[in-house]
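Undergrad: Pasted the sequence and its predicted model underneath.
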Amino acid sequence: MIFFKFPFKPEIFSVQGPAKEIPVRFVSFDEKETVTFSGMLTEISEDDFLRMELTMADEKSNGYLQFREESKEEYQGKIEQVITFVKENNIPKLVLSRQKYMPYRSLSGSGEIDFTKSFLKLCSSYPNAFAYIFKDGGKSWMGAFSELLGRFNKNTSAFETMSLAGTLPLNDEWTEKEIEEQKPVSLYIADILKKYSNTIHISETYDHHSGNIKHLRTDYKAIIKKNDLDQIIADLHPTPAVCGIPKEFCQKAIATFEKHPRSLYAGYIRIETDEEIQYFVNLRCASFTESGAHLYVGGGINAKSNAEKEWQETELKAAAILKNLITTDVI
Ligand SMILES: C=C(O[C@H]1C=CC=C(C(=O)O)[C@@H]1O)C(=O)O
């Protein structure tokens, strides 16, 4: 069961009916895990959606039994190690992440989440995002973010993507740290697109707002060959917005620095409609077990990073998800 909405569009969709097609596919960060939804894309009215009683949290904490959240001190210590690692290896950046755990019993009110209302709140908080909620085979996830890994128009063969990185609270001024963090993402994307197209249009870099925070963003548009689409996505993922440069070197380093598997966090969601194939980066997301919500948050670390600021950045990103979790009314 999945429900989702596209950026800037109010309609809620689900995947139902005869399983002829697989219009929605989640691919994990390491590409070893997929979650697919087969059937037809079907629009659901908000009233019908509100009538659904979504019980998401029945996973028997599979894989989470050993879970212990990293403390601020532990995570900051790890950030210091990554700063040293980045400097010693002379690499532009590496993206480190953590899981924040929110036991349901610590939530206000009844201590139970109303998933239907929470999803609608997530949609209204982030109208420019791709937002989803799903439950499948013991897994329950929810998320909303606007980073596009790719959008392919089947009629025109136009391919769009974006470089989105660097994070600050809305009113802060950009510094060298964020500018140097976003630049390698932009160079990486441009280098890949150049292999597949002679007609690449690159926008100015501008501010992208996402609730309580902003990012630096550059847009790319190229005409490509349809047959190259899968390879372009394979080349792009994971971009340095969620991994680092060089790609394989940073993937290995992430596996040693991070305590827990990223699973679907920082992977992507492929959605196919009649006109388009879209790929959204799965950030600002959470998975739900029977006892609590696991929020996935990270940030790009470079030589100019500051451990306290990086911790605050992950707290801000966690708040962006948490503030949308609505508890059921106590009668
Ligand atoms: C890795 C995450 O964000 C990425 C996307 C935008 C800004 C980012 C940053 O400033 O570090 C990250 O590259 C996350 O939200 O967990």
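TA: Here it is on my side, so go on.

Undergrad: what about Glu112, how many residues close to it?
TA: Counted with other Cβ atoms under 10 Å, the neighbours of Glu112 add up to 15. Glycine gets a C-beta too; all of them are placed from N, C-alpha and C.

Undergrad: Is it in contact with Tyr104, as I believe?
TA: Yes: the pair Glu112 / Tyr104 is scored as a contact, 6.3 Å apart, by Cβ atoms under 8 Å.

Undergrad: Is it correct that Gln16 is in contact with Thr42?
TA: Yes: with the criterion set as Cβ under 8 Å, Gln16 and Thr42 qualify as a contacting pair; they are 4.6 Å apart.

Undergrad: between the two, which one's more packed in?
TA: Higher neighbour count among Gln16 and Thr42: Gln16, with 15 against 12, using other Cβ under 10 Å.

Undergrad: Contact partners for that one?
TA: Under the criterion of Cβ atoms under 8 Å, 6 or more residues apart in numbering, the contact partners of Gln16 comprise Gly39, Met40, Thr42.

Undergrad: which one of the residues you listed sits closest to Phe288?
TA: Phe288 lies nearest to Gly39 out of those, by Cβ to Cβ, at 22.8 Å.

Undergrad: And that closest one, how far from the ligand?
TA: According to Cβ to the nearest ligand atom, to the nearest Å, Gly39 and the ligand sit 30 Å apart.

Undergrad: what's around that residue, how many residues?
TA: Using other Cβ under 10 Å, Gly39 has 17 other residues around it.

Undergrad: 636 is where my numbering starts, stick with that
TA: Sure, I'll start counting at 636 from here, so that last one is Gly674.

Undergrad: Would you agree it is in contact with Glu656?
TA: Yes: proximity of Gly674 to Glu656 meets the contact threshold set by Cβ under 8 Å, at 7.3 Å.

Undergrad: C-terminal to the helix or strand hosting Thr719, what's the next element?
TA: Mapping Thr719 onto the secondary structure by DSSP states H and E places it in helix 707-723. Reading on from helix 707-723 to the C-terminus, the next helix or strand found by DSSP H and E is strand 728-738.

Undergrad: Can you name every helix or strand that that next one contacts?
TA: Helices and strands in packing contact with strand 728-738 are listed as helix 707-723, helix 811-831, strand 879-880, helix 882-892, strand 927-936, helix 942-957; criterion 3 or more Cβ pairs under 8 Å, 6 or more residues apart in numbering; DSSP states H and E.

Undergrad: Out of these, which gets nearest to the ligand?
TA: Taking Cβ to the nearest ligand atom as the measure, the helices and strands packed on strand 728-738 were each checked against the ligand, and strand 927-936 came out nearest at 3.7 Å.

Undergrad: does the ligand sit close to the closest one?
TA: Yes: among the residues of strand 927-936, Val932, Gly933, Gly934, Gly935 lie within reach of the ligand under Cβ under 6 Å from any ligand atom.

Undergrad: For the last one, list the residues it contacts.
TA: Neighbour list for Gly935: Lys728, Leu729, Val730, Ala800, Gly801, Glu816, Pro875, Ala876, Gly879 [criterion: Cβ under 8 Å, 6+ apart].

Undergrad: Of all residues in this protein, which one is nearest the centre?
TA: Most central residue of the chain, judged by C-alpha distance to the mean C-alpha position with Cα atoms, centre = their mean, is Leu918 at 1.5 Å.

Undergrad: Excluding chain neighbours, give the residue nearest to that residue in space.
TA: Of all residues not flanking Leu918 in the chain, Phe780 sits nearest, at 4.4 Å (Cβ to Cβ, 6 or more residues apart in numbering).

Undergrad: repeat for Tyr900
TA: Tyr931 (3.6 Å).

Undergrad: Could you do Lys830 as well?
TA: With Cβ to Cβ, 6+ apart, the residue lying closest to Lys830 is Asp870, at 7.6 Å.

Undergrad: element containing the one you found?
TA: Using DSSP H and E, Asp870 falls in helix 864-871.

Undergrad: Pull up the residues of the stretch 786-935 of the chain that are close to the ligand.
TA: By the rule Cβ under 6 Å from any ligand atom, the part of the stretch 786-935 of the chain lying against the ligand is 799-802, 850, 876-877, 918-919, 932-935.

Undergrad: Quick check: phi and psi on the nearest residue to Tyr736 once chain neighbours are set aside?
TA: Leaving out its chain neighbours, the residue that sits closest to Tyr736 by Cβ to Cβ, 6+ apart is Glu704, at 4.5 Å. Glu704 has phi and psi values of phi -70, psi 140 when expressed as degrees, to the nearest 10.

Undergrad: so how far is the ligand from Glu704?
TA: Computed with Cβ to the nearest ligand atom, the distance linking Glu704 and the ligand is 16 Å.

Undergrad: Any idea how many residues pack against that residue?
TA: 16.

Undergrad: what bridges to Val670?
TA: When bridges are called by DSSP bridges, Val670 pairs up with Phe661.
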